[in-house]
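> Need coordinates for the following:
(2 chains)
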Amino acid sequence: MTPALVARGVSKSFGRPVIGGVDLTIAPGEFFALLGPNGAGKTTTLRMIAGLLRPDTGSISVFGVDVLRDTLNAKRLMAWLPDEPLLYDRLTPMEYLEFVAGLWRVEPALARSRAEDLLARLGLWPHRHERCEGFSRGMKQKTVLAGALIHEPKFLLLDEPFTGLDAASARLVKEMLQARAADGAAVLLTTHILDVAERLATRIGILSGGTILAEGDLTALRARAGVNDATLEDVFLHLTRV
Amino acid sequence: MFGQGSFPWLFGHEIRLLWRGSLLVRSRRYVLVPVLAVGLVFQGIALLIAGAIARHPLPAPELILVANLNLFFFGVLMLSRAMTAAIEVLYSRGDVDFLLASPIPPGQVLAVRMIGVGLSVAAPWLLLGGALANAMAARGQFWALAIYPMLLALALFTAALAFALVVVLVGAVGPAVARRIAHLMALLMGVLIFALGQAPRFVAPQVMGRFWQAMMPAVGARGLQWIPGEAVLGRLEPLATCLAFACVVFGVVWITLDKKFAAGSISAAAHRPSGPPPRRDGQFRASAAAALFIQNLRVLARFPGVVTQTVYRSLTLVPVLMILGGRINIGAGPQVVAPLLVFLTGQLALFFISVMVGGDQAPELTASAPVAVTTLDRTRLGAAVYATLLIMALPLLGVAFRQNEVLPVMLAGMAGVLLSNLIIGLRLPIPLIRAQFGKAQTGTVLGLVLGVAVSSVWALLVWLAVTPDALGWLLPHR
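Just a heads-up that it's a prediction; the model follows:
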């Protein structure tokens, strides 16, 4: 089976090295959590995979499509959710979804039914005619999440997707993402909420100083850190301690 | 220099924000050179005007009337700008809550905001009026320097009035409508100034003479309404009265709003729109180009002040349509109409494309979509051309019916200026969108200067093409 993501020797520097030779493989249906302290290079890694930033060295392919050479076809398979919601203040959620669906060329009738379904499930249906400028952070986050899901991507790149969500919304979003993964989509998310990573992720990668320090399920990470029966938080702190 | 958290310290912070948000600093650094050059040209022109004023001194009543009228125009335009600035600093900038959460007294924050808005709206008029005042002072007429304190008093007064009006309006109709009202006020004043400028063309000289006579103060009149005019002419007592009046109004508004501001009831969150919003269901499309095209038109249509700014730029159409309709005759019609329309096309295209480029709040969303960069640019260009032609359609039809002999040249000129200015706007959008708190600014004055220059060149080329013997005046008389 073609892996959802294969990244080999990916590096990037902005004057100083930010990412240095990252290797990462994610299988379809896998839920991968990329953890790391502030400034570890998580967002830069996601932006390179999303085709927004060109790495200095290395290769990236998504479901066999080379992100660097065939960027548009790779983007067709992906949805990228940044840590700050990318939203047009003067659009309504429905207009926003219409726009995103158009960008990914989703058939109009299908897009409309998906938009209505997503807005209803995420509790945005009563606000569908309101402009996003008056939305709370959580409502904005749910709107962009709906945008990320409307074209049913095979690979979801989510940078801090639970920021601003209340407990019920966070639970709902987790269920929606797990359902996507169960359907064969791969999910790569970054988060600082280690409980989320521990409960959701099938595999976890710990990035620090631009390199992957450890990768695997919790048992593998514990073994790598040499701490048995420890929580993910303990493992994370142990591995990233300078 | 000042104690942290003190009034001067906070004021310094506000001035720094205003300075960094100003047109000059928001633009690329090297634009300061042409701007300084333009300033020097302005000062040169002011010296010429000051010379003319010195050679043809007006009687005192006429001077007072002119000063009063100018103050009225300045005041309304300042009020309009101050209202939009007040909406921005109270509801849009996003740092009010941040400051209110600090241990700085809320009244201090409000006072600094009000003074900052006053200074920001006074700045352009101080530069313009100051150029003339400096020139007059250079000729020994030092009374002209009174324009500086008078404009500051006017700015303080309009800023206070703007804050009061904004709080009332936002409470009643919300920030968006309040902003529209402010823009409308500026628009009406612009149209009034334009109409007054054009009036001598349409109104009989006797009627105009009677009108101005009726407006004029009687010799030795001491009415309250003439105090501002007398203050501009450097008379000490009226000047002191105006300054005191502005400070009192400012103080009253500040005291009135202080408690509401501290209670957090002056904020966008405190406004709840009445009634359901209009239905906007969206039209789903399976084409990225169509989605981008519609999106660009939406960004343009919902840009605050789009109507006002478009009408301002399109005021040129009034004389054009009058010439085409045979109502007035300025020179030979085609020689005026064709270059004017070409210039307007360029200016509208530059404005529209700049809104689309600068107003895109989520450029990385389109960057992450499977859409080629060229598609993005093409749809922006297409939407800008569509919006421009929508406005130019009527005058184009007028030319086709009335002066069809110039149509091919004009169309060629319009196509040329459209292409040039769209490319300029795409790469160097003019600064229209004020940066949000913590966000980078888009737009550059260089684009504005280049766009005007290129529009002028195309208009000149069209003028040369449609005017027989256009350069004849350069040759020696035969």
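> B:Ala383 reaches B:Met356, doesn't it?
Yes: counting by C-beta atoms under 8 Å, B:Ala383 does reach B:Met356; the two are 6.3 Å apart. (Each C-beta comes from the backbone N, C-alpha and C, glycine too.)
> who has more neighbours, these two?
B:Met356 (26 against 23; other C-beta atoms under 10 Å in any protein chain shown).
> isn't the more buried one right up against B:Val299?
Yes: B:Met356 lies in contact with B:Val299 (C-beta under 8 Å); the separation is 5.6 Å.
> before we move on, back to that, now for B:Ala383 and B:Met356: what residues contact both?
Residues touching both B:Ala383 and B:Met356 by C-beta atoms under 8 Å, 6 or more residues apart in numbering or on different chains: B:296, B:300.
> Over to A:Arg54. Which of the three states is it?
coil (DSSP: H, G, I helix; E, B strand; the rest coil).
> measure the spatially closest residue to it that is not a sequence neighbour to B:Gln283 for me?
Using C-beta to C-beta, 6 or more residues apart in numbering or on different chains and skipping the chain neighbours, the partner closest in space to A:Arg54 is A:Leu68 (6.8 Å). Distance from A:Leu68 to B:Gln283, counting by C-beta to C-beta, to the nearest Å: 35 Å.
> repeat for B:Leu340
For B:Leu340, the distance to B:Gln283 - C-beta to C-beta - is 37 Å.
> Tell me who's in contact with B:Ala85.
B:117, B:120-121, B:162.
> Show me which of those is closest to B:Pro228.
B:Val121 (16.8 Å; C-beta to C-beta).
> so what's the closest one up against?
So B:Val121 contacts B:78, B:81-82, B:85, B:155, B:158-159 (C-beta under 8 Å, 6+ apart).
> again, 10 Å this time
The contact partners of B:Val121, taken as C-beta atoms under 10 Å, 6 or more residues apart in numbering or on different chains, are B:74, B:77-86, B:151, B:154-156, B:158-159, B:162.
> With B:Arg81 instead?
B:117, B:120-122, B:124-125, B:155, B:158-159, B:162, B:182-183, B:185-186.
> can you tell me the residue of chain A closest to chain B?
A:Gly102 (2.2 Å; C-beta to the nearest C-beta).
> Please tell me how far that residue sits from B:Thr375.
Applying C-beta to C-beta, the value for A:Gly102 to B:Thr375 is 11 Å.
> which of the two has more neighbours?
A:Gly102 (28 against 19).
> tell me the SS of A:Ala214?
Reduced to three states by three-state DSSP, A:Ala214 is strand.
> State whether it and A:Val227 are indeed in contact, as I suppose.
No: the criterion here is C-beta atoms under 10 Å, and A:Ala214 misses it with A:Val227 at 11.7 Å.
> between these two, who's got more neighbours?
A:Ala214 (21 against 15).
> Quick one: residues contacting the more buried one.
Shown in contact with A:Ala214 (C-beta under 10 Å, 6+ apart): A:35, A:204-208, A:220-225, A:235-236, A:238-240.
> Restrict the residues you listed to the buried ones and give me that as a PyMOL selection.
The buried subset of these, as determined by 16 or more other C-beta atoms under 10 Å in any protein chain shown, is captured in PyMOL by this line:
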select buried, chain A and resi 35+204+205+206+207+208+221+222+224+225+235+236+238+239+240
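> Which of the contacts of A:Ala214 fall within strands?
Cross-referencing the contacts of A:Ala214 against strands under DSSP state E gives A:35, A:204-208.
> Greatest separation within those: which pair is it?
A:Ile204 and A:Ser208 (13.1 Å).
> Overlap in contacts, these two.
Joint contacts of A:Ile204 and A:Ser208 (C-beta under 10 Å, 6+ apart) are A:35, A:214, A:236.
> thinking the last one is in contact with A:Ala225, fair?
Yes: with contact defined as C-beta under 10 Å, A:Phe236 counts as touching A:Ala225 (8.6 Å).
> Quick check: neighbours shared by those two?
With C-beta under 10 Å, 6+ apart, A:Phe236 and A:Ala225 have common neighbours A:206, A:213-214.
> can you put those in CSV and add pLDDT?
Below are the shared contacts of A:Phe236 and A:Ala225 laid out as CSV (pLDDT from 0 to 100):
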residue, pLDDT
A:Ile206, 93
A:Leu213, 91
A:Ala214, 91
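> On the strand side of things, show who the residue nearest to the spatial centre of chain A bridges to.
Nearest to the geometric centre of chain A sits A:Leu158, at 1.7 Å (C-alpha atoms, centre = their mean). Taking DSSP bridges as the rule, A:Leu158 bridges to A:Leu81, A:Leu189.
> and it, what does it touch?
By C-beta under 10 Å, 6+ apart, A:Leu158 lies in contact with A:33-34, A:46, A:79-83, A:145, A:148, A:173, A:177, A:187-191.
> just the buried members of those?
A:33-34, A:46, A:79-82, A:145, A:148, A:173, A:177, A:187-191.
> Can you list the neighbours in contact with stretch A:165-181?
By C-beta under 10 Å, 6+ apart, the list of residues contacting stretch A:165-181 reads A:28-32, A:79, A:118, A:121-123, A:136-139, A:141-142, A:145-146, A:148-149, A:152-156, A:158, A:161-164, A:185-187, A:189, A:193, A:196, A:199-200, A:202.
> Now list the buried members of the residues you listed.
A:28-32, A:79, A:118, A:121-122, A:138-139, A:141-142, A:145-146, A:148-149, A:153-156, A:158, A:161-164, A:185-187, A:189, A:196, A:200.
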